[in-house]
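Trainee: take this sequence and fold it.
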Amino acid sequence: MERAVSLVKNKFLIAGFAFLIWMCFFDRYDFATQYGYQKERSKLEYEKEFYTNEIINLEKAIKDVQYNPNEIQRIAREKYKIEKRQRGYLCDI
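Mentor: Now for the predicted structure:
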């Protein structure tokens, strides 16, 4: 019992404990802030990966359109609703 009382009266232990509490809950970079930063970081990394894949897909589509006339026709049919007739193309817009 005497030892517990002496630990409570120890000013270095109290200061260390107060410092620890301050750093964990009241500091500018407390646990809640760090959690929010990590959550935002993982979200941004996911978005970076998504947009990197989108860029790769778009570059591939651009190359396909440049060198493949069948791809141009497919895009015209799907996006612009252009139908192929016997003598050329007809727009249904």
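Trainee: burial count for Arg74?
Mentor: A total of 13 residues lie near Arg74 under the criterion other C-beta atoms under 10 Å. All C-beta spots, glycine's among them, are computed from the backbone N, C-alpha and C.
Trainee: and the strands in this protein?
Mentor: With DSSP state E applied, the chain shows strands at 82-85, 88-91, listed in chain order.
Trainee: worst average pLDDT in those strands?
Mentor: Mean pLDDT is lowest for strand 88-91 among the strands of the chain, at a mean of 56.
Trainee: where does this protein dip in pLDDT?
Mentor: Low-confidence segments of the chain (pLDDT under 70): 85-93.
Trainee: show me where it has its helices.
Mentor: Along the chain, counting by DSSP state H, helices occupy 2-9, 11-21, 31-67, 69-80.
Trainee: with just CA atoms, put the second one into CSV.
Mentor: Same thing as helix 11-21. Once non-C-alpha atoms are left out, helix 11-21 reads as follows in CSV (Å, rounded to 0.1, in the frame of the first residue of the first chain):
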residue,chain,number,x,y,z
LYS,A,11,6.0,13.9,-9.7
PHE,A,12,7.9,12.3,-12.7
LEU,A,13,5.3,9.5,-13.0
ILE,A,14,2.5,12.1,-12.9
ALA,A,15,4.2,14.3,-15.4
GLY,A,16,4.9,11.3,-17.8
PHE,A,17,1.3,10.1,-17.5
ALA,A,18,-0.1,13.7,-18.1
PHE,A,19,2.2,14.0,-21.1
LEU,A,20,1.0,10.6,-22.5
ILE,A,21,-2.6,11.6,-22.1
